[in-house]
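Enquirer: Just to be clear, the model below is a prediction. Sequence and coordinates:
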Amino acid sequence: MKCPNCQAEMTTMTLDARPGAVTHITVLDIDVCMGCQAIWFDAHDSNLLSQGASLKLMKLIGEQPASGNVVRPELLQCPRCSGRLPLIHDLQGNTKFSYWRCSEHGRFIGFLDFLREKSFIHTLSTKEIADLSQHIQMVNCVNCGAPIDLSNSSVCSHCGSPISLVDVKSKL
C-alpha cells in the first residue's frame, strides 16, 4: 500500500490482536511508513491491538531516527477509496492526540500521536509538573525537542505541546 502522505510503499506488519477482542480475528495487518513516521490502521485495528503488539510498535518507533517528512494534510487521501482524510482530534485520559480518518476505511496516525493514544506518553498534571521541577529544571518537548523551563512554563513555547512523559513502566 502507498503512504497517504508521501506515496512511498508502506511496510506491512502482522501483529497480534487482543485476545477476545473479536473472536475470529487473531492477527492484524497494519501498514507503517518509516519516512513519514506514521501508521495506517484499517477500520478499528488500533483498538484491537494486543498489549504485546503495542509494545512492538513502540519499540519500532523508538528505533527510528527523526523524520524529515512532514505530514501535508492537503495531500492526504484514503489509500482505499482516495477520499479526503479530515483531521480528527481525540482524547485519551487527559492526553490529546490527533489522526486523519476515512469514515469507511481507517486512519493515518503519526508515531507520536500513536504513543499518546496508547498512553505511552501522557500529559503531566500540575502536581506531577511541580514534583518534577523539584528535581529537574529543564526538559525537552516530546513533540519538537525544544527546551522547556519547568520554573516558567508547563507548555512548549515553540510548538505549544503540554509537558508530557514517556511512561513505559506502567505498560509493562
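Expert: Looks like it arrived, so ask away.
Enquirer: so how far is stretch 110-122 off the chain centroid?
Expert: 4 Å (CA atoms, centre = their mean, to the nearest Å).
Enquirer: contact partners of that stretch?
Expert: 36-39, 46, 54, 57-58, 61, 64, 71, 90, 92-99, 109, 142-143, 164-168, 170-171 (CB atoms under 8 Å, 6 or more residues apart in numbering). To be clear about C-beta, it is placed using only N, CA and C from the backbone, and glycine gets the same treatment.
Enquirer: Show me which of those are buried.
Expert: The neighbour-count test (16 or more other CB atoms under 10 Å) applied to those identifies 36-39, 46, 54, 57-58, 61, 71, 95, 97-99, 109, 142-143, 164 as buried.
Enquirer: What's the separation between the residue most central in space within the chain and Gly52?
Expert: The chain has Phe114 as the residue nearest its centroid, 1.9 Å off, counting by CA atoms, centre = their mean. Distance check for Phe114 against Gly52: by CB to CB, to the nearest Å, it reads 15 Å.
Enquirer: Now intersect the buried ones among the contacts of stretch 110-122 with the helices, please.
Expert: The helices in this structure, assigned by DSSP state H, contain Ser46, Ser54, Leu57, Met58, Ile61 from the buried ones among the contacts of stretch 110-122.
Enquirer: How many residues are close by Arg116?
Expert: The local packing of Arg116 (other CB atoms under 10 Å) involves 26 other residues.
Enquirer: ok but it is inside a helix, no?
Expert: Yes: using DSSP: H, G, I helix; E, B strand; the rest coil, the secondary structure at Arg116 is a helix.
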